[in-house]
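**Q** Build me a model:
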Amino acid sequence: MKNNPALQNCEVFINNQGSLFKLTEDEYDIIREVIDNKNIITEKLLQSSNIKTYKFVEDIDKPFISETDFLQTVALLKRKKNIILQGPPGVGKTFIARKLAYEIMKEVKDANIEMVQFHQSYSYEDFIQGLRPTQKGGFDLKDGIFYLFCQRALAHPDRPFFFIIDEINRGNLSKIFGELMMLIEADKRGEKFALKLTYAEDEDDLFYVPENLYIIGTMNTADRSLAIVDYALRRRFAFVTLQPDYGDNFRSFLLAKGLSGSLVDHICSTVVKTNDKIKADINLGEGFQIGHSYFCMFNSGQDEGKWWNEIIGFELKPLLEEIWFDDSSKVNETMKTLFR
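**A** Numbers count the residues shown, from 1 in each chain. Here you go, the predicted structure:
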């Protein structure tokens, strides 16, 4: 805290004798923020005191992805340090992101994972560092969520840390990442490549991304309104495409949930046919398929017919109307197929 320009004249550091000191309102806010951040870290560490070991092959709640593909993605993340899981909605991108982190850590340890969701208003100041107004009309330099997470990773260089960015292509990526565009590269990690940040006031105040930090982004391929990832950022990430899975593991999952065999057969056959139609559409393709996660929330004891009709009417129909917004006949034809 002594290096913070806003605390240079703070009585606590000028004369640290005694126990009573005068603080300005701004000094109090800065010190309070540091204490709050420390408390958050301590709380997460306490929550993780009962660590569960993790292996994908032993996971009874594993995602619908083959062991080969999963372990290949783990190896890719270790090498590249930055990956983006892309695919249609409902294929479990965020769920798999956490499982990748657990596999590398060899334990379920959420204290080493941070997650944020990008949106159009998200900025460099939110992510890295920026000036924020104070109650007195001035401005203070505030560290963003990624900057603070990097400090946590730096404090424990022997442990892996994972930063998950949900809906990464919803934000203005070049604007949000700024000089991080270079620093996140696998071969540009560490103190050797430290840079002065945009808002840094001290020439010696340099920043770098630690080698033990991994970035996992998720990207929805079915949203036409989202920005295309620019080539500069695309080069720094490896892209893994996830597909809907209606195979044997998914069938077994639904049966274990309590659904009847006839409905499970109907779900898998009709949705696969619908996805085939979507993939064959020249204006759509694989990125617009219906993901399996739409059908994972059945609770034993529910009326399965009512449950299925609600999913069709209130989740799948709006989705189909969106992707075939210019052809209602395809929507109506598909809806007839889906209803039992």
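**Q** All the helices of this structure, residue numbers only.
**A** Per DSSP state H, the chain carries helices over the ranges 11-14, 25-47, 67-80, 93-105, 124-127, 145-155, 173-177, 180-183, 231-234, 248-257, 261-280, 304-311, 317-323, 328-338.
**Q** you'd agree L148 is up against E33?
**A** No: if you go by C-beta atoms under 8 Å, L148 and E33 don't touch, sitting 10.1 Å apart. Bear in mind the C-beta positions are built from the backbone N, C-alpha and C, glycine included.
**Q** Give the residue spans of the stretch 101-250 of the chain that score low on pLDDT.
**A** 224-228 (pLDDT under 70).
**Q** now the strands for it?
**A** 107-108, 113-117, 129-133, 139-143, 161-166, 195-196, 206-207, 213-220, 238-241 (DSSP state E, counting those that start in this stretch).
**Q** In the second one, which of the residues would be classed as buried?
**A** When neighbours are counted by 16 or more other C-beta atoms under 10 Å, the buried residues of strand 113-117 are found to be I113, E114, M115, V116.
**Q** Just list what that strand packs against, helices and strands only.
**A** Under the contact definition 3 or more C-beta pairs under 8 Å, 6 or more residues apart in numbering; DSSP states H and E, strand 113-117 sits against helix 145-155, strand 161-166.
**Q** How far does it sit from its chain's centre?
**A** In terms of C-alpha atoms, centre = their mean, to the nearest Å, the centre of strand 113-117 is set 5 Å apart from its chain centre.
**Q** Then the last one?
**A** When distances are taken as C-alpha atoms, centre = their mean, strand 238-241 is centred 14 Å away from the chain's centroid.
**Q** Also the first one?
**A** With C-alpha atoms, centre = their mean as the basis, strand 107-108 stands 17 Å off its chain's centre.
**Q** Endpoint to endpoint, stretch 181-201 covers what distance?
**A** 21 Å (C-alpha to C-alpha, to the nearest Å).
**Q** List of residues touching it?
**A** Residues outside stretch 181-201 that contact it (C-beta atoms under 8 Å, 6 or more residues apart in numbering): 5, 79-82, 124, 128-131, 141, 174, 177-179, 203, 205-211, 213, 215, 232-233, 236.
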